[in-house]
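for reference, the sequence and a predicted model appear below.
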Amino acid sequence: MIPYLYSPKSNGYMKFELISEFKPTGDQPQAIKELVNGIISNEK
């Protein structure tokens, strides 16, 4: 799932996608899920 973030500068929503050659390790996969869920549920 690619989240859409509100951008005040563009007065609307924009797609956010991070592309990297590195793979998450350790506790990073869980942290990423929690961050994405927070963005989707509009937590601050």
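In hand now; what should we look at?

run the chain-centre distance for whichever helix or strand residue 38 is part of.
Using DSSP states H and E, residue 38 falls within helix 28-40. Put simply, helix 28-40 sits 7 Å off its chain's centre (Cα atoms, centre = their mean, to the nearest Å).

summarise which helices and strands it is packed against.
Applying 3 or more Cβ pairs under 8 Å, 6 or more residues apart in numbering; DSSP states H and E, we find helix 28-40 packed against no helix or strand. Any C-beta I mention is one placed from the backbone N, CA and C, and that applies to glycine too.

buried set for that helix?
Buried residues in helix 28-40, counted by 16 or more other Cβ atoms under 10 Å: none are found.

mean confidence (pLDDT) on it, please.
Averaged across helix 28-40, the pLDDT comes to 89.

now the residue lying closest to residue 24 once chain neighbours are set aside: how far from residue 26?
Excluding its sequence neighbours, the residue lying closest to residue 24 (Cβ to Cβ, 6 or more residues apart in numbering) is residue 32, at 6.0 Å. Separation of residue 32 from residue 26 (Cβ to Cβ, to the nearest Å): 11 Å.

now do residue 31 against residue 24, distance only.
Distance, residue 31 to residue 24, by Cβ to Cβ: 8 Å.

ok, now residue 38?
Distance from residue 38 to residue 24, counting by Cβ to Cβ: 17 Å.

also residue 42?
24 Å.

more neighbours, those two?
residue 24 (12 against 8; other Cβ atoms under 10 Å).

quick check, that one in a strand?
No. Secondary structure of residue 24 (DSSP: H, G, I helix; E, B strand; the rest coil): coil, not part of a strand.

alright, calling it a day.
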